[in-house]
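Undergrad: what's the 3D shape of this:
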Amino acid sequence: MPRTPSSPVLLAGLLATAGVAHAVAPKQFDATVPSALPGTARQWTYASGAAELLLAAGVAHPRTRRVAALAAAAFFVGVFPANVKMAVDARRRTPAVRAVTLARLPLQVPLVLWARNVSRGAAG
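TA: This is a model prediction of the structure:
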C-alpha cells in the first residue's frame, strides 16, 4: 500500500505516536485539559492517550478501518477544546509560543478531513 498523505498507515502511526506520548510525557498534556471536566487532568490525559492507541489499532486493521477512522475524525473534533485552552493559556507566553498555539487551531481541520478520507477509502 502506498504511503500517501491520506494513507491509513500514516494516520495510524500519528495516532499511535500521540497515544504513546500521552503515557511517556503526560505533564504537557495535563496542562491542556479543560478544568471544567470532571476528574483529574492526568486521568483525561491517560484516557485520551489510550483512545488514540485504540484508534490507531482500529485504523491499521482493514476490517475496522472505516469505523475507526470515523471515530478518529470525531476524536479530533472532541479534543479541539484542549487546543483552544492551550492557545488561551499561551497569552502570557513568548510571541513564538503564542504563534505556535494559534497555528495549531486550524490544523485540526485537515486531521478531521484526513480521517474522513481514510474512512471513505476503507473497504466494506
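Undergrad: Look at Lys85 and report its pLDDT.
TA: Note on Lys85: pLDDT of 90.
Undergrad: so which strand or helix has it?
TA: Taking DSSP states H and E as the criterion, Lys85 maps to helix 80-89.
Undergrad: got the buried residues for that helix?
TA: Ala82, Asn83, Val84, Lys85, Met86, Ala87 (16 or more other CB atoms under 10 Å). In this view, the C-beta of every residue, glycine as well, is placed from N, C-alpha and C.
Undergrad: For it, name the packing helices and strands.
TA: Packing partners of helix 80-89 (3 or more CB pairs under 8 Å, 6 or more residues apart in numbering; DSSP states H and E): helix 95-121.
Undergrad: buried residues in the helix it packs on?
TA: Thr101, Arg104, Leu111, Val112, Trp114, Ala115, Arg116, Asn117, Val118, Ser119.
Undergrad: Distance to Ala21 and pLDDT added to these, as CSV?
TA: Output for the buried residues of helix 95-121, formatted as CSV (distance: CB to CB, whole Å; pLDDT from 0 to 100):
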residue, distance to Ala21, pLDDT
Thr101, 17, 91
Arg104, 15, 88
Leu111, 15, 95
Val112, 20, 96
Trp114, 19, 95
Ala115, 18, 96
Arg116, 23, 95
Asn117, 24, 95
Val118, 21, 95
Ser119, 24, 94
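Undergrad: what's the most distant pair in those residues?
TA: For the buried residues of helix 95-121, the farthest-apart pair by CB to CB is Thr101 and Ser119; their separation is 28.5 Å.
Undergrad: Pretty sure Leu55 sits against Ala74.
TA: No. If you go by CB atoms under 8 Å, Leu55 and Ala74 don't touch, sitting 9.7 Å apart.
Undergrad: Pull the contacting residues for the residue most central in space within the chain.
TA: For the chain, Phe76 is the residue whose C-alpha lies nearest the centre (CA atoms, centre = their mean; 5.1 Å). Contact analysis of Phe76 by CB atoms under 8 Å, 6 or more residues apart in numbering lists Gln108, Leu111, Val112, Ala115.
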